[in-house]
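Novice: The sequence and its predicted three-dimensional model are supplied below.
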Amino acid sequence: MMGNNFFESCRIDTWLEFCSKEVEEPCCLLVWLAKGLIPKASLGSDAQHEAAVISALYDVDRALKKLEAQLKASGVFVLGKEVTLADVGLFCALQEAMTTVLEQGPMTKNFPLVTKWFA
């Protein structure tokens, strides 16, 4: 799951960092806002709330574009034909957002390889 050599381990670690910094944070914000776990008032005005949602959606869109491109280049999984910790980490970071906030929206339609990989 961590690769067969140092180079593969580094690639997996890079994707895990991508997962925690570029996927998990905006996905958590979207899910927590959608579920009411973050009170709308805590973000300030309605305009600030809207700006936070738009920013998180933009960040998720950018991250999914990178993941889509990687899946196109690598094949079935993030780094090739075998599941690695990169796949596990990304799946866990995306799970709640994909099944609640993003499942019916244009996000999944714009990223067919991510949607297929996730399924």
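Specialist: Sure, I can see it. Numbering: from 1, shown residues only.
Novice: need the longest helix for the protein.
Specialist: Identified as the longest helix of the chain according to DSSP state H is helix 46-74.
Novice: So which elements touch that one?
Specialist: Contacts defined by 3 or more CB pairs under 8 Å, 6 or more residues apart in numbering; DSSP states H and E place helix 46-74 against helix 6-18, helix 25-34, helix 106-110, helix 112-118. In short, each C-beta sits where N, CA and C put it, glycine included.
Novice: if we go to 6 Å?
Specialist: With contacts defined as 3 or more CB pairs under 6 Å, 6 or more residues apart in numbering; DSSP states H and E, helix 46-74 has these neighbours: helix 25-34, helix 112-118.
Novice: next structured bit after that helix?
Specialist: Downstream of helix 46-74, the first helix or strand assigned by DSSP states H and E is helix 85-99.
Novice: Okay, buried residues for that next one please.
Specialist: Neighbour-count burial for helix 85-99 flags 85-87, 89-90, 93-94, 96-98 (criterion: 16 or more other CB atoms under 10 Å).
Novice: what do you get for stretch 72-83?
Specialist: 77-79.
Novice: give the contact list for Leu16.
Specialist: By CB atoms under 6 Å, 6 or more residues apart in numbering, Leu16 lies in contact with Gly89.
Novice: From Asp87, how far off is it?
Specialist: Per CB to CB, to the nearest Å, Leu16 is found 10 Å from Asp87.
Novice: Run the chain-centre distance for the longest helix of the chain.
Specialist: Distance of helix 46-74 from its chain centroid, counting by CA atoms, centre = their mean, to the nearest Å, is 8 Å.
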